[in-house]
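Trainee: Just the structure for this:
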Amino acid sequence: MLRNLITVGGWTMLSRILGLVRDQLLAAFLGAGPVQDAYQIAFRLPNMFRRLFGEGAFNAAFVPLFTEKLTARGEEDATRFASQALSCLSAWLLGLTILGEVFMPWIIELIAPGFDHAGGRFDLAVKLTRITFPYLILICTAALVAGVLNGLHRFSMAAGAYVSFNIVGIAAILLGALVFHDTVICTAVGITISGFVQLGLLLWSVRRAGIRLSLPKPRLTSEMRDMLRRLWPGLLGSGATQLNLTVDTLISTLLPAGSISWLYFADRVNQLPLGVLGAAAGTTLLPVLTRHVAARDATGGQQTLNRAIDYAAILTFPACFGLLALAPEIMATLFGYGKFTTQDALSSAQSLRAYALGLPAFILIKVLSPGFFAHGDTKTPVRIGFLTLVLNLGLNLLLYKPLVHVGPPLASTIAALVNLAFLAVILFRRDVFCPDRALIRRLLRVVAASVVMALATLILTRLIAPGLVGWSGLTRAGMLSVLMGIAGIIYLGALWALGVARPDRIVNRLLRRKRASQ
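Mentor: Next up is the predicted model:
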């Protein structure tokens, strides 16, 4: 499981790094203002579907069924099931896309109530969203094909295909800014083009694996009904984090111009560890837990879940406290160029700190959710999802006026903590999640090491790099790299001092696994 987690996490890390490059170009060429705000609304809708389907609910509904058929009945029956699912999903998405294109002005009024018709943001958002909306069909069908690969335990291409989203996006921004001189339109077109590229790569990989998917006439068979019963609740259950972020965006349209952009860039930095660890753990954990459930191995399932939490925590908590310590410096270094001003970077850093407080909860939700899905339970997560959505909306309405752009991310963080608490308690009562004393001790020590690292980094920054936010680009980036490197050394030293892990043993273990896989 660790090797698969590292494989998926590695591809996701590459995708997130390229995504940061893409966002840096967006910040430099569009800045933080009405045009950026309109684009972010156009991007939010298809991107929400990408995260829900690509990283959550569809895997939860499809992969266990596909794996069961592949194991019990063979490749032919599993291929027939996957083809029928692909056909039904494509037909439904096509109808949804047509309706979306027709009723787009009303959709924008719903998700961006703060955009008035006179300011220009509304009309631009409608135009851009109509360009990006067909991405839904492409990315959701791509998620099904990726699910086939995950069911075959071929995690590499399923994760690697998403890298093309950012490669195409970077090319679209550069062409729009330097060749066609219409950055925002070209960027929107690039989103849809990237969907074709991702789907094509995944279909090619599935064919190489020996699976030949087809598009039979869509029929709502008993198998499809079973999958849909698992899918629809899971959309909210595993996607509660993304739906909460959408609520944040909706509320942010009521804030001053630029707030949507500040929230977006803060979320993008927060999504780097969240995507790498959360998506990787959720994707690789589900098939393993499903096998334990099928074998009636409750103890093995508990131990697997504990290991996944342990692996995630060692990387999650230092990321959380590191973002809290260096948020202004990180935002200024990554995005403080061109039309994105220093004040924009500082405002976005305030939002980032609010998001970072909930980072461990966001990731552990991804880790615990498969504990329900592996047992075929998608109803409980959706009930919790509804509860946290209502809570998040209420907190947003309560906080957005006094805290402005800090209110929505803080509301999302509180909602995520409540979500995590419910998931953990229910799984504990069902004997699915049973944290032992060793895990609890390690978690406490990891938190302590992370706090030591953050405090040392704050002190060091004040001593050797006061006013780093205002430094020039390359000098600022160099100093930030030095600070992050020192922070990493301090964290590893604290882990060693507290008896959590010895760096040499970690390296040797990874090298042994690499040699074993060759």
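
Trainee: got a list of contacts for stretch 328-341?
Mentor: Contacts to stretch 328-341, defined as CB atoms under 8 Å, 6 or more residues apart in numbering, come from residues 20, 23-24, 27-33, 265-266, 269, 323, 342, 344-346, 348-349, 352, 461, 465, 468-470, 473, 476-477, 480, 483. Quick note: C-beta positions are derived from backbone N, CA and C, even for glycine.

Trainee: May I see the ChimeraX selection of the buried members of these?
Mentor: The buried residues among those can be selected in ChimeraX (16 or more other CB atoms under 10 Å) with this line:
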select :20,23,24,27,28,29,30,31,32,33,265,266,269,323,344,345,346,348,349,352,461,465,468,469,476,480,483
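
Trainee: Narrow the contacts of stretch 328-341 to those in helices?
Mentor: Judged by DSSP state H, the subset of the contacts of stretch 328-341 located in helices is 20, 23-24, 27-30, 265-266, 269, 323, 342, 344-346, 348-349, 352, 461, 473, 476-477, 480, 483.

Trainee: wait, residue 318 sits on residue 448?
Mentor: No: taking CB atoms under 8 Å as the contact criterion, residue 318 and residue 448 are not neighbours in contact, 11.3 Å apart.

Trainee: which of the two has more neighbours?
Mentor: residue 318 (25 against 16; other CB atoms under 10 Å).

Trainee: Which secondary structure state is assigned to that one?
Mentor: For residue 318, the secondary-structure state derived from DSSP: H, G, I helix; E, B strand; the rest coil is helix.

Trainee: any chance you could map the helices in the stretch 101-250 of the chain?
Mentor: Secondary structure of the stretch 101-250 of the chain, counting by DSSP state H, counting those that start in this stretch: helices at 104-111, 121-132, 135-151, 155-160, 163-175, 183-208, 222-237, 240-252.

Trainee: And the helices in the stretch 251-400 of the chain, which stretches?
Mentor: Along the stretch 251-400 of the chain, counting by DSSP H, counting those that start in this stretch, helices occupy 259-273, 280-294, 298-335, 342-357, 359-373, 379-403.

Trainee: With mean pLDDT and distance to residue 180 as new columns, can those helices be given to me in a markdown table?
Mentor: Listed next are those as a markdown table, based on pLDDT from 0 to 100; distance: least, CB to CB, whole Å:
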| stretch | mean pLDDT | distance to residue 180 |
| --- | --- | --- |
| helix 259-273 | 89 | 22 |
| helix 280-294 | 67 | 36 |
| helix 298-335 | 91 | 23 |
| helix 342-357 | 95 | 25 |
| helix 359-373 | 87 | 37 |
| helix 379-403 | 88 | 37 |
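
Trainee: Which one, of the ones you listed, ends up nearest to residue 205?
Mentor: When these are compared for distance to residue 205 using CB to CB, the nearest one is helix 280-294, at 15.4 Å.

Trainee: Show me what whichever helix or strand residue 98 is part of is packed against.
Mentor: Element membership of residue 98, judged by DSSP states H and E, is helix 75-102. Contacting helix 75-102 under the criterion 3 or more CB pairs under 8 Å, 6 or more residues apart in numbering; DSSP states H and E are the following elements: helix 57-72, helix 135-151, helix 222-237.

Trainee: which of these is buried the deepest?
Mentor: Stretch with highest mean neighbour count among the helices and strands packed on helix 75-102: helix 135-151 (a mean of 25; mean count of other CB atoms under 10 Å).

Trainee: Could you check the angle that one makes with helix 57-72?
Mentor: Going by axes from the mean of the first three to the mean of the last three CA atoms, to 10 degrees, helix 135-151 is angled at 40 degrees with respect to helix 57-72.

Trainee: and the closest residue to residue 188 other than its chain neighbours, what does it touch?
Mentor: Taking CB to CB, 6 or more residues apart in numbering as the measure, residue 188 lies nearest to residue 131, with 4.2 Å between them; neighbours along the chain are not counted. With contact taken as CB under 8 Å, 6+ apart, residue 131 is in contact with 42, 185, 188, 189, 191, 192.

Trainee: now the nearest residue to residue 300 once chain neighbours are set aside: how far from residue 173?
Mentor: Computed as CB to CB, 6+ apart, the closest residue to residue 300 that is not its neighbour in sequence is residue 292, at 4.6 Å. Distance, residue 292 to residue 173, by CB to CB, to the nearest Å: 45 Å.

Trainee: higher neighbour count, those two?
Mentor: Between residue 292 and residue 173, counted using other CB under 10 Å, residue 173 has the larger neighbour count: 24 against 19.

Trainee: residues touching the residue lying closest to the more buried one once chain neighbours are set aside, list them.
Mentor: Setting aside the residues directly before and after it, residue 173 is nearest to residue 25 in space (CB to CB, 6+ apart), at 4.5 Å. Applying CB under 8 Å, 6+ apart, one finds that residue 25 lies in contact with 170, 173, 174, 177.

Trainee: Check residue 25 and give its pLDDT.
Mentor: In the predicted model, residue 25 carries a pLDDT score of 95.

Trainee: how close does it sit to residue 161?
Mentor: In terms of CB to CB, residue 25 sits 22 Å off from residue 161.

Trainee: now residue 61
Mentor: With CB to CB as the criterion, residue 61 and residue 161 are 20 Å apart.

Trainee: What I need now is the helices of the stretch 251-400 of the chain written out in JSON lines, including distance to residue 247 for each item.
Mentor: Conversion of these to JSON lines gives the following (distance: least, CB to CB, whole Å):
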{"stretch": "helix 259-273", "distance to residue 247": "11"}
{"stretch": "helix 280-294", "distance to residue 247": "21"}
{"stretch": "helix 298-335", "distance to residue 247": "22"}
{"stretch": "helix 342-357", "distance to residue 247": "14"}
{"stretch": "helix 359-373", "distance to residue 247": "15"}
{"stretch": "helix 379-403", "distance to residue 247": "5"}
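
Trainee: how about the helices in the stretch 401-518 of the chain?
Mentor: Using DSSP H, counting those that start in this stretch, the helices assigned to the stretch 401-518 of the chain run over residues 407-429, 437-464, 473-497, 503-517.

Trainee: which one of the ones you listed lies closest to residue 314?
Mentor: For the helices of the stretch 401-518 of the chain, distance to residue 314 was read as CB to CB. The smallest value, 5.8 Å, belongs to helix 437-464.

Trainee: so how far is the closest one from its chain's centroid?
Mentor: 25 Å (CA atoms, centre = their mean, to the nearest Å).

Trainee: can you pull the buried residues of that helix?
Mentor: Those buried within helix 437-464 under the rule 16+ other CB under 10 Å are 439, 442-443, 445-450, 452-454, 456-458, 460-461.

Trainee: name the helices or strands packed onto that helix?
Mentor: Applying 3+ CB pairs under 8 Å, 6+ apart, we find helix 437-464 packed against helix 298-335, helix 473-497.
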